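**Q** 3D model of this:
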Amino acid sequence: SLFFILIGCNNVKVNVTFETNGGTAIEAITNLDDILGVLPTTTKDGYMFIGWYEDSAFTIPFEKEKERESWELTLYAKWIPLEIDIEVEHYLENLEGGYVLDTTETHDFDTASIAIDLSGYQKTYEGFSLNGALTVFDHDDIENLSLKLYYSRNVYTITIDEDGGIAVDDISVKYGYPVTAPVLTKVGAVFNGYTTTFPDNMPLNGGNYVASWTALDEVTVTFESNGGTAVAALEMYETEIATEPADPTKMGYDFVGWYTESTFVNLYDLSTVLTTNLTLYAKWEPALVNFNIEYYYEELDGSFTKAS
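**A** So this is what the prediction gives:
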């Protein structure tokens, strides 16, 4: 490569000067071997030396192995402050799933570090956890360093204690999300809600909620079939609706319905909610029967002949 060719050339003109930009002065180098060796460094109070650049805007890092037509050039020292202010923005997950800015803080940052330890900047939010990792930054863009921390909502569980009722699923959603209290059922009881106020939104750490019940009294519906086929009594709980039994039967009669009195004043509606024991009475009407009448007359010998 040209690197080796140049070492052997004694007629290469070398004049590399150094603009230290406030750092300790460095004499110009006029020997090619010196420039191709270890480059000198400079120091500056309160700053860290980043490297040498071929332009004052620090867009072209100096590379000694690079092929050149001339070794007459000026190198510029780039610095960054040892401590800078860093803007730390804290974002919280909203209920719709995105993130919104909660607060912005300014912190001192040691630029000698090569990474940002999030534990030094994160905040504590009840119901949220930091959703991030170690953030690495580029020294070349240190002036624009900012840190954005995102906090996601924790998932909590509401445990439902049915207390003998029909089982339902527990509720697991993110902190603050809307929740609906399950309406429970239990044979022989009325559901009164829960022993503690059920939340409208998922609370911190979830919780355990126990069902509250009021026991129902048992009621019996007895059927008096009044000569018809027997109908078994119904056992149930108050506030329930009786299951209508099959109609009884009675020879020569049609079944009219069940009445609340033996005098058949009020026809009972079996869809009525029960609150007490009850006896129902079957009402019958004679059935209409079609029949034929045949006439016979007595013969002289004592027999009978059907009249035509």
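
**Q** Now do the helices in this structure.
**A** 2-7, 32-36 (DSSP state H).

**Q** Alpha carbons only: can I get the shortest one in PDB?
**A** Looking back up the chat, that one is helix 32-36. Provided in PDB are the C-alpha atoms of helix 32-36 (Å, rounded to 0.1, in the frame of the first residue of the first chain):
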ATOM      1  CA  LEU A  32       6.500  11.200   8.100                       C
ATOM      2  CA  ASP A  33       7.600   8.500  10.600                       C
ATOM      3  CA  ASP A  34       6.300  10.600  13.400                       C
ATOM      4  CA  ILE A  35       2.900  11.300  11.900                       C
ATOM      5  CA  LEU A  36       2.500   7.600  11.000                       C
END
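
**Q** Which strands or helices does it pack on?
**A** The helices and strands touching helix 32-36, judged by 3 or more C-beta pairs under 8 Å, 6 or more residues apart in numbering; DSSP states H and E, are helix 2-7, strand 14-19. (Each C-beta comes from the backbone N, C-alpha and C, glycine too.)

**Q** Isn't M202 up against N154?
**A** No. Contact criterion C-beta atoms under 8 Å: M202 and N154 do not qualify, at 9.2 Å.

**Q** Please enumerate the shared neighbours of those two.
**A** Common contacts of M202 and N154 (C-beta atoms under 8 Å, 6 or more residues apart in numbering): 174-175.

**Q** how about low-confidence regions in the stretch 51-200 of the chain?
**A** Along the stretch 51-200 of the chain, the parts satisfying pLDDT under 70 run over 110-119, 132-145.

**Q** Strands of that one, start to end?
**A** For the stretch 51-200 of the chain, the strands defined by DSSP state E, counting those that start in this stretch occupy 71-81, 83-93, 99-110, 115-116, 128-130, 135-136, 146-153, 155-161, 171-174, 189-194.

**Q** Those into CSV, with extra columns for distance to E294?
**A** Formatted as CSV, those follow (distance: least, C-beta to C-beta, whole Å):
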stretch, distance to E294
strand 71-81, 130
strand 83-93, 97
strand 99-110, 101
strand 115-116, 117
strand 128-130, 100
strand 135-136, 113
strand 146-153, 94
strand 155-161, 77
strand 171-174, 81
strand 189-194, 66
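
**Q** So which of these is nearest W213?
**A** Nearest to W213 among those is strand 189-194; the distance by C-beta to C-beta comes to 4.0 Å.

**Q** hmm, who's touching that closest one?
**A** Contacts with strand 189-194, where a contact means C-beta under 8 Å, 6+ apart, come from 164-165, 181, 183-185, 209-216, 239.

**Q** That's all I had, so thanks and see you.
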